[in-house]
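> Okay, here's the prediction I keep looking at, along with the sequence it came from:
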Amino acid sequence: MVPFRKMHGLGNDFVVLDGRAATLPVTPARAAAVADRHFGIGCDQFIVMEPPAPGADVFMRILNPDGSEAGACGNATRCIAALVAEERGADRVVVRTIAGELPVERLPGGLWRADMGPARLGWQDVPLAREVDTLHLPLALGPVSDPAACSMGNPHATFFVDDLDAVPVTEIGPRLEHDPIFPQRANIGFAQVTAPDRMRLVIWERGAGLTLACGSGACAAIVNAVRRGLTQRRATVTMPGGDLIMEWRESDGHVLMTGPVATSFTGTLDLEALAA
Ligand SMILES: N[C@@H](CCC[C@H](N)C(=O)O)C(=O)O
């Protein structure tokens, strides 16, 4: 039996396993079985903590409910950093993912600020299937069109809309996620800017579907909003699960994300009992 911890950031929820001391028999199929909301524990992402490379405090492996692996998960980055920081009595932790190192620091009021690294803006970075301007993708479906794209270690496209409530997210989200312009699929954000320092955001996540919040999606949304001249570099992004304070730092192009973390419950699970 393997201990697990159920955590979330703004309702974007995770089953977290600790594979630092011994390699766990995790497979994409087992991650998908655990993530299943009816037949498993249920989560938006299955997270495995692994031993870090030098320079980091922990390696975080991120698996979506469809078993696919992701390079970034902003909300899980804060959760895992908080776990490791508590263990060590530290206020600053470096989390490594397959996409890079992410320093995270404790702030007053139970908040954690993650440096999510630089937004990457080239079409090959996202990646896109062919050379197009990442500020204006030739993509439209139903009431949405003309998204901007970037990579935060994972692929994102943000559609800016006048009325977020009028967007049929669950209908068009999966079709946009799988559009041929995204060879690795993409996380699809729908953003409504409500003030120069505020926006509302709903994300259809690659490999996960509709979630209550997406940290890397909020990073992409602030970056793309600033590139379009729609918001300031610092803004509050309100998602169905709550708020993140976002900043696209001018000095180095890194994106800073501040928000809460929470543990819902702990338990044990029998990974070997699940089909590999
Ligand atoms: N919920 C995450 C993003 C998780 C990965 C994403 N679904 C992908 O496949 O890229 C976040 O908070 O950033």
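Yep, it's here.

> Helices of this structure, start to end?
Along the chain, counting by DSSP state H, helices occupy 28-35, 74-88, 169-177, 215-227.

> Identify each buried residue in the third one, please.
Looking back up the chat, that one is helix 169-177. V169, I172, G173, L176, E177 (16 or more other C-beta atoms under 10 Å). (C-beta placed from N, C-alpha, C; glycine too.)

> Among those, which one sits closest to A32?
Distance to A32, by C-beta to C-beta, is smallest for E177 among those, at 16.7 Å.

> Outline the domain layout of this structure.
2-117+260-275, 120-251 (automatic domain parsing).

> gap between the two ends of the first one?
According to C-alpha to C-alpha, to the nearest Å, domain 2-117+260-275 extends 16 Å from its N-terminal end residue to its C-terminal end residue.

> Kindly list the main-chain dihedrals of the one residue sitting closest to the centre of the chain?
In the chain, the residue lying closest to the centroid (C-alpha atoms, centre = their mean) is C73, at 3.2 Å. The phi and psi values for C73, taken as degrees, to the nearest 10, are phi -150, psi 100.

> While we're on A53, how confident is the model there?
At A53, the model reports a pLDDT of 85.

> Next one: it relative to the ligand, how far apart?
21 Å (C-beta to the nearest ligand atom, to the nearest Å).

> who touches that residue in this structure?
F59, R96 (C-beta atoms under 8 Å, 6 or more residues apart in numbering).

> Let's see that with 10 Å instead.
By C-beta atoms under 10 Å, 6 or more residues apart in numbering, the residues touching A53 are F59, R96, E101.

> Would you mind listing what in the stretch 51-200 of the chain touches the ligand?
Within the stretch 51-200 of the chain, the positions near the ligand by C-beta under 6 Å from any ligand atom are I62, N64, A70, A72, C73, G74, N75, N154, N187.

> now these as JSON lines including pLDDT?
JSON lines is the format used below for those (pLDDT from 0 to 100):
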{"residue": "I62", "pLDDT": "98"}
{"residue": "N64", "pLDDT": "98"}
{"residue": "A70", "pLDDT": "98"}
{"residue": "A72", "pLDDT": "98"}
{"residue": "C73", "pLDDT": "98"}
{"residue": "G74", "pLDDT": "98"}
{"residue": "N75", "pLDDT": "98"}
{"residue": "N154", "pLDDT": "98"}
{"residue": "N187", "pLDDT": "99"}
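
> Next one: E86 from the ligand, what distance?
20 Å.

> residue contacts, that residue?
V93, R106, T263.

> What residues does the first one make contact with?
Contacts for V93 (C-beta under 10 Å, 6+ apart) come out as 56-58, 77, 80-87, 102-106, 112, 114.

> out of these, which are buried?
For the contacts of V93, buried by 16+ other C-beta under 10 Å: 56-58, 77, 80-85, 102-106, 112, 114.

> hang on, A186 packs against P180?
No. Using C-beta atoms under 10 Å, A186 is not in contact with P180; the gap is 11.2 Å.

> so what's in contact with these two at the same time?
If you check A186 and P180 against C-beta under 10 Å, 6+ apart, the residues they both contact are L128, L139.

> So if I had to pick from these two, which one is more boxed in?
Neighbours were counted for A186 and for P180 using other C-beta atoms under 10 Å; A186 has more, 28 against 9.

> What does that one show for phi and psi?
Dihedral angles (degrees, to the nearest 10) for A186: phi -160, psi 160.

> and which of the buried residues of helix 169-177 is nearest to R234?
V169 (26.3 Å).

> so what's the closest one up against?
The contact partners of V169, taken as C-beta under 10 Å, 6+ apart, are V144, L176, I188, F190, V202, I203, W204, G209, L210.

> Now do it against the ligand, distance only.
Counting by C-beta to the nearest ligand atom, the gap from V169 to the ligand is 15 Å.

> and if you look at P108?
Taken as C-beta to the nearest ligand atom, the span from P108 to the ligand is 23 Å.

> what's the answer for G267, then?
22 Å.

> give me the number of residues near the closest residue to G100 other than its chain neighbours?
Spatially, and ignoring its direct neighbours in sequence, G100 is nearest to G117 (5.3 Å; C-beta to C-beta, 6 or more residues apart in numbering). Using other C-beta under 10 Å, G117 is surrounded by 21 other residues.
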